[in-house]
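*Asks:* I would like the atomic coordinates for the input below:
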Amino acid sequence: MDQRMQNNSGAVVPYCSVLMEWGIETMKVSVYQVVPELDQKGILFRDLACAIKAGDGRIPSEIYECIYSGELPVTDPEQVFVICNSKYPEGYRGHSLSVSDVVEIQYDTGESKFFFCD
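*Replies:* Numbers count the residues shown, from 1 in each chain. Below is the predicted model of the structure:
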């Protein structure tokens, strides 16, 4: 699924690897998606309000699984959305980023921020 291009050495490698080789800034990113078999309340592809209502006031993390974790050549969540909908990074094993998915960005400080795709 991931798209490939030539790196500086002429080898064909995953798109994101080339961008990182070129010195593009990267961030540690994890993407979580609803496991359909665990989704008893119909949260898959639903907005934040529906997810919170179905989860009794919280996002039910127990029905999510991590479908990607790694370095991406991004500086904000919008760029993660673009990559995960066009040029899947190596190791990405889910559907295109969509409503109900969660993106975690892990900063060098050890802090993480989570973004619900709405």
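
*Asks:* Measure how buried N85 is and give me the count.
*Replies:* Burial of N85 is recorded as 12 neighbouring residues (other CB atoms under 10 Å). All C-beta atoms are positioned from the backbone trio N, CA, C, and that covers glycine.

*Asks:* That one touches D101, doesn't it?
*Replies:* No: using CB atoms under 8 Å, N85 and D101 do not qualify as a contacting pair, with a distance of 10.6 Å.

*Asks:* host element of the most centrally placed residue in the chain?
*Replies:* Centroid check for the chain by CA atoms, centre = their mean gives V31 as the closest residue, at 3.1 Å. With secondary structure defined by DSSP states H and E, V31 is part of strand 27-34.

*Asks:* partners of the residue nearest to the centre of the chain in the sheet?
*Replies:* Counting by DSSP bridges, V31 is bridged to Y68, V103.

*Asks:* the longest helix in this structure is where?
*Replies:* Longest helix in the chain by number of residues, with DSSP state H as the criterion: helix 77-86.

*Asks:* What are the buried residues along that one?
*Replies:* Neighbour counts over helix 77-86 (16 or more other CB atoms under 10 Å) mark P77, V80, F81, I83, C84 as buried.

*Asks:* between the residues you listed, which is closest to H95?
*Replies:* Proximity of these to H95 (CB to CB) peaks at C84, which lies at 9.3 Å.

*Asks:* related to what we said a few turns ago, state whether the residue nearest to the centre of the chain and Y92 are indeed in contact, as I suppose.
*Replies:* Yes: V31 is in contact with Y92 according to CB under 8 Å; the separation is 7.4 Å.

*Asks:* and for these two, which residues touch both?
*Replies:* Listed as contacting both V31 and Y92 by CB atoms under 8 Å, 6 or more residues apart in numbering are I67, Y68, C84.

*Asks:* ok, those residues vs D118, which is closest?
*Replies:* Distance from D118 was checked for each of these by CB to CB. The minimum falls on C84, at 15.2 Å.
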